[in-house]
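Peer 1: take a look and give me a structure for this.
(one chain, ligands or ions: 1)
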Amino acid sequence: MTYTTLLFDVRDGIAVITVNRPDKLNALNTQVITDLGQAVDQVRRSPDIKGAILTGAGPKSFVAGADISGFQGLQAVSARQMSARGSGIFRSIERSGKPWIAAINGFALGGGCELAMACHIRVASENAKFGQPEVKLGIPPGYGGTIRLPRLIGKGRAIELLTTGAMIDAQEAYRIGLVNHVYPADQLMAEAEKLLRTILGNAPLAVAACIELANIQDGMQLDDALAFESGLFGGLFGTEDATEGAKAFLEKRPPKFTGK
Ligand code: COA
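Peer 2: The predicted structure is shown next:
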(Lines give C-alpha, C1' and ligand atoms only; values in the text may rest on other atoms or scores of the structure.)
Protein backbone atom coordinates (compact mmCIF):
# COMPACT_ATOMS: atom_id res chain seq x y z
CA MET A 1 0.00 0.00 0.00
CA THR A 2 1.38 3.45 -0.87
CA TYR A 3 0.28 6.71 0.66
CA THR A 4 0.70 10.26 -0.62
CA THR A 5 0.10 12.10 2.63
CA LEU A 6 0.88 9.53 5.31
CA LEU A 7 3.95 7.70 6.50
CA PHE A 8 3.03 4.15 7.44
CA ASP A 9 5.67 2.12 9.31
CA VAL A 10 5.17 -1.23 10.95
CA ARG A 11 7.43 -1.92 13.90
CA ASP A 12 7.11 -5.28 15.60
CA GLY A 13 3.31 -5.47 15.34
CA ILE A 14 2.62 -1.74 15.75
CA ALA A 15 1.67 0.53 12.84
CA VAL A 16 3.02 4.04 13.30
CA ILE A 17 0.94 6.29 11.06
CA THR A 18 2.15 9.86 10.58
CA VAL A 19 0.07 12.51 8.84
CA ASN A 20 2.73 14.05 6.65
CA ARG A 21 1.95 17.59 5.47
CA PRO A 22 4.12 19.51 7.93
CA ASP A 23 4.21 22.67 5.78
CA LYS A 24 0.41 22.87 6.24
CA LEU A 25 0.55 21.72 9.86
CA ASN A 26 -0.81 18.35 8.67
CA ALA A 27 -4.23 19.79 7.78
CA LEU A 28 -6.72 17.23 6.53
CA ASN A 29 -7.37 17.66 2.82
CA THR A 30 -9.30 15.15 0.70
CA GLN A 31 -6.17 13.12 0.02
CA VAL A 32 -5.32 12.78 3.74
CA ILE A 33 -8.85 11.58 4.42
CA THR A 34 -8.58 9.05 1.56
CA ASP A 35 -5.19 7.88 2.82
CA LEU A 36 -6.48 7.62 6.39
CA GLY A 37 -9.36 5.46 5.17
CA GLN A 38 -6.88 3.11 3.48
CA ALA A 39 -4.63 3.08 6.53
CA VAL A 40 -7.53 2.09 8.78
CA ASP A 41 -8.29 -0.71 6.35
CA GLN A 42 -4.67 -1.85 6.28
CA VAL A 43 -4.53 -1.97 10.09
CA ARG A 44 -7.79 -3.91 10.21
CA ARG A 45 -6.83 -6.45 7.54
CA SER A 46 -3.17 -7.08 8.35
CA PRO A 47 -2.66 -9.98 10.74
CA ASP A 48 0.85 -8.62 11.45
CA ILE A 49 -0.53 -5.36 12.84
CA LYS A 50 -1.90 -5.56 16.37
CA GLY A 51 -2.42 -1.86 17.11
CA ALA A 52 -1.67 1.63 15.80
CA ILE A 53 -0.17 4.92 16.88
CA LEU A 54 -1.31 8.01 15.01
CA THR A 55 0.78 11.18 15.04
CA GLY A 56 1.70 14.22 12.95
CA ALA A 57 4.91 15.06 11.09
CA GLY A 58 7.15 17.81 12.42
CA PRO A 59 7.56 19.29 15.88
CA LYS A 60 4.64 21.70 15.74
CA SER A 61 1.42 19.97 14.85
CA PHE A 62 -0.57 16.78 15.17
CA VAL A 63 -3.30 17.94 12.78
CA ALA A 64 -4.35 21.62 12.59
CA GLY A 65 -7.83 20.78 11.34
CA ALA A 66 -9.56 20.27 8.05
CA ASP A 67 -7.77 22.04 5.20
CA ILE A 68 -9.50 25.42 5.12
CA SER A 69 -8.31 26.06 1.57
CA GLY A 70 -10.77 23.38 0.45
CA PHE A 71 -13.72 25.19 2.08
CA GLN A 72 -14.12 27.93 -0.50
CA GLY A 73 -17.05 27.37 -2.78
CA LEU A 74 -18.15 24.29 -0.85
CA GLN A 75 -21.93 24.00 -1.01
CA ALA A 76 -24.30 22.38 1.47
CA VAL A 77 -24.52 19.02 -0.30
CA SER A 78 -20.79 18.57 -0.88
CA ALA A 79 -19.98 19.85 2.63
CA ARG A 80 -22.36 17.29 4.08
CA GLN A 81 -20.74 14.53 2.00
CA MET A 82 -17.29 15.65 3.14
CA SER A 83 -18.40 15.50 6.76
CA ALA A 84 -20.08 12.10 6.39
CA ARG A 85 -17.08 10.59 4.62
CA GLY A 86 -14.55 11.80 7.20
CA SER A 87 -16.85 10.87 10.07
CA GLY A 88 -17.25 7.35 8.68
CA ILE A 89 -13.48 6.88 8.56
CA PHE A 90 -13.00 8.30 12.08
CA ARG A 91 -15.75 5.97 13.27
CA SER A 92 -13.96 2.98 11.80
CA ILE A 93 -10.91 3.91 13.90
CA GLU A 94 -13.12 4.09 16.98
CA ARG A 95 -14.74 0.75 16.17
CA SER A 96 -11.47 -1.00 15.45
CA GLY A 97 -10.89 -4.00 17.70
CA LYS A 98 -7.17 -3.20 17.49
CA PRO A 99 -6.22 -0.37 19.83
CA TRP A 100 -5.37 3.04 18.36
CA ILE A 101 -3.42 5.63 20.35
CA ALA A 102 -3.21 9.26 19.24
CA ALA A 103 0.24 10.66 20.04
CA ILE A 104 -0.53 14.37 19.91
CA ASN A 105 2.67 16.23 19.19
CA GLY A 106 1.40 19.80 18.74
CA PHE A 107 -1.76 21.45 17.41
CA ALA A 108 -4.86 19.25 17.54
CA LEU A 109 -7.43 21.69 16.27
CA GLY A 110 -10.80 21.15 14.64
CA GLY A 111 -10.59 17.90 12.67
CA GLY A 112 -7.29 17.19 14.43
CA CYS A 113 -8.94 17.21 17.85
CA GLU A 114 -11.79 15.16 16.38
CA LEU A 115 -9.36 12.63 14.90
CA ALA A 116 -7.60 12.32 18.26
CA MET A 117 -10.95 11.80 20.00
CA ALA A 118 -11.84 8.98 17.61
CA CYS A 119 -8.72 7.11 18.79
CA HIS A 120 -9.11 4.92 21.87
CA ILE A 121 -6.46 6.67 23.97
CA ARG A 122 -4.81 10.09 23.69
CA VAL A 123 -1.34 10.98 24.93
CA ALA A 124 0.15 14.42 24.35
CA SER A 125 3.46 16.25 24.32
CA GLU A 126 3.88 19.26 26.61
CA ASN A 127 3.59 21.62 23.62
CA ALA A 128 0.26 20.17 22.40
CA LYS A 129 -2.69 22.53 21.94
CA PHE A 130 -6.32 21.55 21.58
CA GLY A 131 -9.42 23.29 20.35
CA GLN A 132 -12.49 23.27 18.15
CA PRO A 133 -12.16 26.67 16.45
CA GLU A 134 -14.79 25.99 13.77
CA VAL A 135 -17.21 28.63 15.11
CA LYS A 136 -14.60 31.23 14.18
CA LEU A 137 -15.06 30.06 10.58
CA GLY A 138 -18.84 30.20 10.77
CA ILE A 139 -19.43 26.45 11.03
CA PRO A 140 -19.75 23.79 13.73
CA PRO A 141 -17.35 20.82 13.86
CA GLY A 142 -18.19 18.16 11.27
CA TYR A 143 -16.11 15.14 12.21
CA GLY A 144 -17.81 14.19 15.47
CA GLY A 145 -16.51 17.00 17.70
CA THR A 146 -19.90 18.02 19.05
CA ILE A 147 -20.63 14.39 19.93
CA ARG A 148 -17.36 13.02 21.28
CA LEU A 149 -16.17 16.10 23.19
CA PRO A 150 -19.21 16.17 25.55
CA ARG A 151 -18.87 12.41 26.06
CA LEU A 152 -15.20 12.74 26.95
CA ILE A 153 -15.10 15.87 29.08
CA GLY A 154 -18.75 16.55 30.00
CA LYS A 155 -21.33 18.76 28.35
CA GLY A 156 -20.64 22.03 30.17
CA ARG A 157 -16.92 22.08 29.45
CA ALA A 158 -17.50 20.84 25.90
CA ILE A 159 -20.04 23.53 25.07
CA GLU A 160 -17.64 26.17 26.35
CA LEU A 161 -14.82 24.88 24.15
CA LEU A 162 -17.11 24.42 21.15
CA THR A 163 -18.73 27.84 21.38
CA THR A 164 -15.68 29.93 22.32
CA GLY A 165 -13.35 28.16 19.90
CA ALA A 166 -10.71 28.59 22.63
CA MET A 167 -7.40 26.78 22.49
CA ILE A 168 -6.23 24.91 25.58
CA ASP A 169 -2.79 23.58 26.41
CA ALA A 170 -1.78 20.01 27.21
CA GLN A 171 -2.00 20.43 30.99
CA GLU A 172 -5.55 21.75 30.76
CA ALA A 173 -6.43 18.93 28.34
CA TYR A 174 -5.05 16.49 30.92
CA ARG A 175 -6.95 18.18 33.77
CA ILE A 176 -10.30 17.86 31.99
CA GLY A 177 -9.70 14.30 30.76
CA LEU A 178 -9.18 15.01 27.09
CA VAL A 179 -5.78 13.32 27.20
CA ASN A 180 -4.58 10.52 29.46
CA HIS A 181 -0.92 11.52 29.82
CA VAL A 182 1.40 14.42 29.00
CA TYR A 183 5.08 13.83 28.21
CA PRO A 184 8.08 15.90 27.14
CA ALA A 185 8.03 16.03 23.33
CA ASP A 186 11.11 13.84 22.93
CA GLN A 187 9.52 11.05 25.00
CA LEU A 188 6.05 11.10 23.43
CA MET A 189 6.45 8.35 20.84
CA ALA A 190 8.38 6.02 23.15
CA GLU A 191 5.72 6.43 25.86
CA ALA A 192 2.89 5.89 23.37
CA GLU A 193 4.59 2.72 22.18
CA LYS A 194 5.18 1.53 25.75
CA LEU A 195 1.50 2.00 26.57
CA LEU A 196 0.41 0.21 23.40
CA ARG A 197 2.80 -2.69 24.07
CA THR A 198 1.32 -3.06 27.56
CA ILE A 199 -2.13 -3.36 26.00
CA LEU A 200 -0.86 -5.74 23.31
CA GLY A 201 0.56 -7.98 26.03
CA ASN A 202 -3.01 -8.82 27.04
CA ALA A 203 -5.40 -11.20 25.32
CA PRO A 204 -6.38 -9.58 21.97
CA LEU A 205 -10.01 -10.76 22.02
CA ALA A 206 -10.47 -9.46 25.57
CA VAL A 207 -8.93 -6.10 24.58
CA ALA A 208 -11.24 -5.91 21.55
CA ALA A 209 -14.22 -6.77 23.78
CA CYS A 210 -13.31 -3.96 26.21
CA ILE A 211 -13.13 -1.45 23.35
CA GLU A 212 -16.41 -2.64 21.88
CA LEU A 213 -18.20 -2.51 25.23
CA ALA A 214 -16.80 0.93 26.12
CA ASN A 215 -17.95 2.18 22.71
CA ILE A 216 -21.36 0.58 22.68
CA GLN A 217 -22.49 1.75 26.12
CA ASP A 218 -22.58 5.35 24.81
CA GLY A 219 -25.81 4.71 22.96
CA MET A 220 -27.44 2.21 25.29
CA GLN A 221 -29.68 2.16 28.32
CA LEU A 222 -27.76 0.95 31.37
CA ASP A 223 -29.63 -2.35 31.60
CA ASP A 224 -29.11 -3.09 27.90
CA ALA A 225 -25.42 -2.23 28.15
CA LEU A 226 -24.98 -4.49 31.18
CA ALA A 227 -26.74 -7.34 29.37
CA PHE A 228 -24.50 -6.80 26.36
CA GLU A 229 -21.44 -6.89 28.60
CA SER A 230 -22.62 -10.16 30.16
CA GLY A 231 -23.02 -11.63 26.66
CA LEU A 232 -19.48 -10.74 25.59
CA PHE A 233 -18.08 -11.73 28.99
CA GLY A 234 -19.68 -15.16 28.60
CA GLY A 235 -18.54 -15.47 24.99
CA LEU A 236 -14.92 -14.75 25.90
CA PHE A 237 -14.94 -17.63 28.38
CA GLY A 238 -15.07 -19.94 25.40
CA THR A 239 -11.69 -18.72 24.12
CA GLU A 240 -8.30 -20.40 24.47
CA ASP A 241 -6.86 -17.15 25.83
CA ALA A 242 -9.35 -17.12 28.72
CA THR A 243 -8.32 -20.67 29.63
CA GLU A 244 -4.66 -19.74 29.30
CA GLY A 245 -5.07 -16.53 31.34
CA ALA A 246 -6.54 -18.29 34.38
CA LYS A 247 -4.17 -21.26 34.05
CA ALA A 248 -1.10 -19.00 33.86
CA PHE A 249 -2.23 -17.07 36.92
CA LEU A 250 -2.70 -20.23 38.95
CA GLU A 251 0.64 -21.62 37.74
CA LYS A 252 2.28 -18.28 38.67
CA ARG A 253 3.70 -17.66 35.19
CA PRO A 254 3.09 -15.02 32.49
CA PRO A 255 0.32 -16.00 30.05
CA LYS A 256 1.01 -16.85 26.43
CA PHE A 257 -1.88 -15.37 24.46
CA THR A 258 -2.61 -16.40 20.89
CA GLY A 259 -5.67 -14.32 20.06
CA LYS A 260 -7.87 -17.42 19.90
N1 COA B 1 -6.02 24.45 6.72
C2 COA B 1 -5.19 24.85 5.74
N3 COA B 1 -3.96 25.33 5.97
C4 COA B 1 -3.56 25.41 7.26
C5 COA B 1 -4.37 25.03 8.32
C6 COA B 1 -5.66 24.52 8.02
N7 COA B 1 -6.49 24.09 8.97
N8 COA B 1 -3.70 25.24 9.48
C9 COA B 1 -2.51 25.74 9.13
N10 COA B 1 -2.40 25.85 7.79
C11 COA B 1 -1.27 26.34 7.00
C12 COA B 1 -1.18 27.85 7.03
O13 COA B 1 -2.05 28.43 6.08
C14 COA B 1 0.27 28.04 6.66
O15 COA B 1 0.43 27.82 5.27
P16 COA B 1 1.38 28.82 4.40
O17 COA B 1 2.74 28.69 5.04
O18 COA B 1 1.30 28.26 3.03
O19 COA B 1 0.79 30.18 4.57
C20 COA B 1 0.95 26.87 7.36
O21 COA B 1 -0.07 25.89 7.58
C22 COA B 1 1.55 27.22 8.71
O23 COA B 1 0.54 27.79 9.51
P24 COA B 1 0.66 29.25 10.20
O25 COA B 1 -0.71 29.79 10.38
O26 COA B 1 1.64 30.09 9.47
O27 COA B 1 1.29 28.83 11.60
P28 COA B 1 1.15 29.60 12.97
O29 COA B 1 2.08 28.94 13.91
O30 COA B 1 1.26 31.07 12.77
O31 COA B 1 -0.37 29.30 13.46
C32 COA B 1 -2.28 27.90 13.88
C33 COA B 1 -0.75 27.99 13.76
C34 COA B 1 -2.63 26.44 14.07
C35 COA B 1 -2.76 28.71 15.10
C36 COA B 1 -2.94 28.48 12.60
O37 COA B 1 -2.32 27.89 11.48
C38 COA B 1 -4.41 28.23 12.51
O39 COA B 1 -5.19 28.90 13.19
N40 COA B 1 -4.82 27.26 11.67
C41 COA B 1 -6.22 26.96 11.45
C42 COA B 1 -6.77 26.15 12.59
C43 COA B 1 -8.26 25.89 12.38
O44 COA B 1 -9.06 26.78 12.33
N45 COA B 1 -8.58 24.59 12.27
C46 COA B 1 -9.95 24.16 12.11
C47 COA B 1 -10.33 24.08 10.69
S48 COA B 1 -12.01 23.54 10.52
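Peer 1: quick check: next helix or strand after the helix or strand harbouring residue 194?
Peer 2: With secondary structure defined by DSSP states H and E, residue 194 is part of helix 188-200. Scanning forward in sequence from helix 188-200 by DSSP H and E, the next helix or strand is helix 204-216.
Peer 1: can you tell me what sits against that following helix?
Peer 2: With CB atoms under 8 Å, 6 or more residues apart in numbering as the contact definition, helix 204-216 has outside contacts at 50, 94-99, 120, 199-200, 225, 228-229, 232-233, 235-236, 239, 241-242, 245, 257, 259-260. Bear in mind the C-beta positions are built from the backbone N, C-alpha and C, glycine included.
Peer 1: for the helix holding residue 194, name the packing helices and strands.
Peer 2: strand 14-19, strand 51-56, strand 100-104, strand 121-125, strand 181-183 (3 or more CB pairs under 8 Å, 6 or more residues apart in numbering; DSSP states H and E).
Peer 1: related to what we said a few turns ago, strands - which of the contacts of helix 204-216 land there?
Peer 2: In strands, judged by DSSP state E, none of the contacts of helix 204-216 are found.
Peer 1: end-to-end on stretch 5-17?
Peer 2: Terminal residues of stretch 5-17 lie 10 Å apart, using CA to CA, to the nearest Å.
Peer 1: okay, now residue 15: neighbour count?
Peer 2: The criterion is other CB atoms under 10 Å. On that basis, residue 15 has 21 neighbouring residues.
Peer 1: right, I mislabeled it, should have said residue 8
Peer 2: 19.
Peer 1: now swap in residue 114 and tell me
Peer 2: Using other CB under 10 Å: residue 114 sits among 28 other residues.
Peer 1: repeat that for the one 4 residues further on.
Peer 2: In terms of burial, residue 118 registers 24 neighbours under the definition other CB under 10 Å.
Peer 1: returning to that earlier point: now the helix holding residue 194: buried residues?
Peer 2: 188, 189, 191, 192, 193, 195, 196, 199, 200 (16 or more other CB atoms under 10 Å).
Peer 1: next one: stretch 177-189
Peer 2: 178, 179, 182, 183, 188, 189.
Peer 1: the ligand: which of these is nearest?
Peer 2: residue 178 (16.3 Å; CB to the nearest ligand atom).
Peer 1: point out where the stretch 151-260 of the chain drops to low pLDDT.
Peer 2: Along the stretch 151-260 of the chain, segments meeting pLDDT under 70 are nowhere present.
Peer 1: tell me which residue in it sits closest to the ligand.
Peer 2: residue 167 (7.5 Å).
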